[in-house]
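Peer 1: what's the 3D shape of this:
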Amino acid sequence: MSQTALLFAGQGSQIVGMGQALCEKYAVCRQLFDNANAVLGRDLAQICFTGPDTVLTQTDNAQPGIFLTSLACLAALQSQIPDLKFTATAGLSLGEFTALTAAGAMAFEDGLKLVQARGKFMQEACDTTQGGMASIINLDDAVLVEVCREADVDIANLNCPGQTVISGAKDKIAKAVELAKARGAKRALPLSVAGAYHSRLMAGAQQKVAAALADLTMSAPRVPVVANVSARPGGSVAEIKDLLTRQVTGTVRWTESMQWLVAQGFTRFIELGPGTVLAGLMKRINKDVEVISINDCATLEAAVIKLRG
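Peer 2: You can find the predicted model right below:
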């Protein structure tokens with residue numbers, strides 16, 4: 001039997017204006033944004049709606065902003081299709097927290113405060129380290145592992161076949177880029193990011209995230225939530241918290257996560273939040289499944305027609 005999973009965007013998908021049209025049209029979205037402002041004690045909605053981009057892209061704004069916009073997309077969808085059925089969720093990096101919230105593992109308010117804190121902790125780690133990241137295209141996995149060993153950097157994201165992101169000290173990333181090119185990578189490009197996410201340089205943030213999670217009230221999710229670092233759903237609440245802590249410095253195994261869901265019989269994926277990055281990755285992972293992306297009013301209306309089909 002065909003199954004549907006929800007997918008949630010990660011940091012980097014933010015765009016000025018995200019969520020604004022949904023709030024203007026759907027009261028449930030407007031209420032969610034107003035609630036977020038009250039919880040955080042600041043106007044996150046205004047940052048999402050008008051930026052500027054330099055402010056929105058700051059980690060402690062981008063992370064709660066994407067979390068909020070993604071759940072607003074879900075709320076709008078559920079307002080149109082109240083009996084929407086999904087039997088798993090997953091999210092890329094930050095999106096894993098959104099996926100857990102959508103699955104009922106934590107309250108919206110708690111999840112929002114947690115991702116704002118996570119963004120703050122990661123920004124602090126960026127500010128105290130000279131880190132960077134690079135995208136490596138079409139390099140054999142075994143060769144890439146050797147390149148990372150030689151350059152002393154970490155594999156941050158296994159996004160889809162042929163696309164890997166590496167992370168570490170800026171000078172070491174530069175070395176890894178040159179090594180990757182020399183070893184046959186189709187492309188090796190440094191990324192414009194604030195620091196070395198999903199690497200050992202985030203160790204300081206990891207300790208603070210662990211402390212924040214320890215104080216968080218969490219319950220077992222209503223549906224399986226695939227964890228980034230294991231490419232499998234977590235079991236107990238204690239295990240889920242451990243997986244979220246490990247994710248700060250660990251590798252995001254997105255390809256394996258999606259392959260696992262497909263192997264379980266999932267054939268429809270609904271991407272919620274700004275951008276269509278996850279749909280693009282899925283085309284490289286498995287072309288035979290359906291991905292519906294919802295990020296604004298037009299894509300929501302198209303999705304509703306298709307899902308009611």
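Peer 1: Okay, now the unreliable bits of this protein?
Peer 2: Low-confidence segments of the chain (pLDDT under 70): 1.
Peer 1: Spell out the residue ranges of the helices in this protein.
Peer 2: 20-25, 27-40, 44-50, 53-56, 59-80, 94-102, 108-128, 141-151, 170-182, 203-214, 237-247, 254-263, 277-285, 297-308 (DSSP state H).
Peer 1: Can you lay out the ones you listed as CSV showing mean neighbour count and distance to Ala227?
Peer 2: In short, each C-beta sits where N, CA and C put it, glycine included. CSV is the format used below for the helices of the chain (neighbours: other Cβ atoms under 10 Å; distance: least, Cβ to Cβ, whole Å):
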stretch, mean neighbour count, distance to Ala227
helix 20-25, 17, 28
helix 27-40, 17, 25
helix 44-50, 20, 26
helix 53-56, 13, 27
helix 59-80, 25, 17
helix 94-102, 28, 7
helix 108-128, 20, 15
helix 141-151, 16, 21
helix 170-182, 19, 26
helix 203-214, 17, 13
helix 237-247, 19, 4
helix 254-263, 20, 8
helix 277-285, 18, 16
helix 297-308, 15, 26
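Peer 1: Now those in CSV, please, with extra columns for distance to Ala188.
Peer 2: Output for the helices of the chain, formatted as CSV (distance: least, Cβ to Cβ, whole Å):
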stretch, distance to Ala188
helix 20-25, 37
helix 27-40, 38
helix 44-50, 33
helix 53-56, 26
helix 59-80, 24
helix 94-102, 25
helix 108-128, 22
helix 141-151, 9
helix 170-182, 4
helix 203-214, 25
helix 237-247, 25
helix 254-263, 19
helix 277-285, 18
helix 297-308, 33
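Peer 1: Figure out which of the ones you listed is closest to Val226.
Peer 2: Judged by Cβ to Cβ, the one of those that comes nearest to Val226 is helix 254-263, at 4.7 Å.
Peer 1: Can you pull out the residues in contact with that closest one?
Peer 2: Contacts with helix 254-263, where a contact means Cβ atoms under 8 Å, 6 or more residues apart in numbering, come from 5, 88, 90, 92, 157-161, 226-228, 231-232, 269, 281-282, 285-286, 289.
Peer 1: Roughly how far does Pro82 sit from Ile294?
Peer 2: Taking Cβ to Cβ, to the nearest Å as the measure, Pro82 and Ile294 are separated by 16 Å.
Peer 1: More neighbours: which of the two?
Peer 2: Set Pro82 next to Ile294 and count neighbours by other Cβ atoms under 10 Å: Ile294 wins out with 25 against 7.
Peer 1: Settle this for me: that one is touching Val304, isn't it.
Peer 2: No - in this structure Ile294 lies outside contact range of Val304 using Cβ atoms under 8 Å: 9.1 Å.
Peer 1: which residues are common contacts for these two?
Peer 2: Where contact means Cβ under 8 Å, 6+ apart, the residues bridging Ile294 and Val304 through contact with each are Leu77.
Peer 1: Please name whichever of the helices of the chain is nearest to Tyr197.
Peer 2: Smallest distance to Tyr197 across the helices of the chain (Cβ to Cβ): 6.8 Å, for helix 108-128.
Peer 1: tell me the angle of the closest one relative to helix 203-214?
Peer 2: Per axes from the mean of the first three to the mean of the last three Cα atoms, to 10 degrees, the angle that helix 108-128 makes with helix 203-214 is 160 degrees.
Peer 1: got the CA positions of helix 108-128 in PDB?
Peer 2: The C-alpha atoms that make up helix 108-128 are tabulated as PDB, following Å, rounded to 0.1, in the frame of the first residue of the first chain:
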ATOM      1  CA  PHE A 108       5.400  24.000  18.700                       C
ATOM      2  CA  GLU A 109       6.500  26.600  21.300                       C
ATOM      3  CA  ASP A 110       9.100  24.200  22.700                       C
ATOM      4  CA  GLY A 111      10.400  23.300  19.200                       C
ATOM      5  CA  LEU A 112      10.600  27.000  18.200                       C
ATOM      6  CA  LYS A 113      12.600  28.000  21.300                       C
ATOM      7  CA  LEU A 114      14.900  25.000  20.800                       C
ATOM      8  CA  VAL A 115      15.700  25.800  17.200                       C
ATOM      9  CA  GLN A 116      16.300  29.400  18.000                       C
ATOM     10  CA  ALA A 117      18.700  28.300  20.800                       C
ATOM     11  CA  ARG A 118      20.400  25.800  18.400                       C
ATOM     12  CA  GLY A 119      20.900  28.600  15.800                       C
ATOM     13  CA  LYS A 120      22.400  30.800  18.500                       C
ATOM     14  CA  PHE A 121      24.700  28.100  19.700                       C
ATOM     15  CA  MET A 122      25.800  27.300  16.100                       C
ATOM     16  CA  GLN A 123      26.400  30.900  15.300                       C
ATOM     17  CA  GLU A 124      28.600  31.200  18.500                       C
ATOM     18  CA  ALA A 125      30.600  28.200  17.300                       C
ATOM     19  CA  CYS A 126      31.000  29.800  13.900                       C
ATOM     20  CA  ASP A 127      32.200  33.000  15.500                       C
ATOM     21  CA  THR A 128      34.900  31.300  17.400                       C
END
